[in-house]
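K.L.:
what follows is a protein structure lacking sequence information:
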């Protein structure tokens, strides 16, 4: 059983920062990559940022480039999302995902609310 536990969400004013964490535990196996997605009620989950596990290569949605930074701690099977210059449109539930060769796992989500 693999568990992903997100933390770090909350309420912040526009222009502020938050740092999300996602810790993976259990029988994980070999991680290919971990990603961050977000979802608004009634809308599809959208990709935000991701990082490959071996090379640390990152990818970002255009809407967050230059403001969000993904990083990882391989030893702790943890991925982070540093979110700076937050905007009200960043408000959503943020989910992390973990890709192995065979499986895709999801966390339970953490709410991020940015007030104007």
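P.N.:
Noted; the coordinates are in hand. Note that this is a predicted model, so its numbers are computed, not measured.

K.L.:
what's the local residue count around residue 100?
P.N.:
Using other Cβ atoms under 10 Å, residue 100 has 15 other residues around it. Glycine gets a C-beta too; all of them are placed from N, C-alpha and C.

K.L.:
shouldn't it be in contact with residue 31?
P.N.:
Yes. The pair residue 100 and residue 31 qualifies as a contact (Cβ atoms under 8 Å) at a distance of 6.1 Å.

K.L.:
okay, which residue is most central for the protein?
P.N.:
The structure's the chain has its C-alpha centroid closest to residue 36; by Cα atoms, centre = their mean the separation is 3.0 Å.

K.L.:
which non-adjacent residue is nearest that one?
P.N.:
The shortest distance from residue 36 to any non-neighbouring residue, by Cβ to Cβ, 6 or more residues apart in numbering, is to residue 48 (4.4 Å).

K.L.:
report the distance from stretch 31-50 to the chain centre.
P.N.:
Average the C-alpha atoms of stretch 31-50, do the same for its chain, and the two points are 7 Å apart (Cα atoms, centre = their mean, to the nearest Å).

K.L.:
point out the other helices and strands that the strand or helix carrying residue 12 packs with.
P.N.:
With elements delineated by DSSP states H and E, residue 12 resides in strand 10-13, which encompasses its position. Counting by 3 or more Cβ pairs under 8 Å, 6 or more residues apart in numbering; DSSP states H and E, the packing neighbours recorded for strand 10-13 are strand 110-115.
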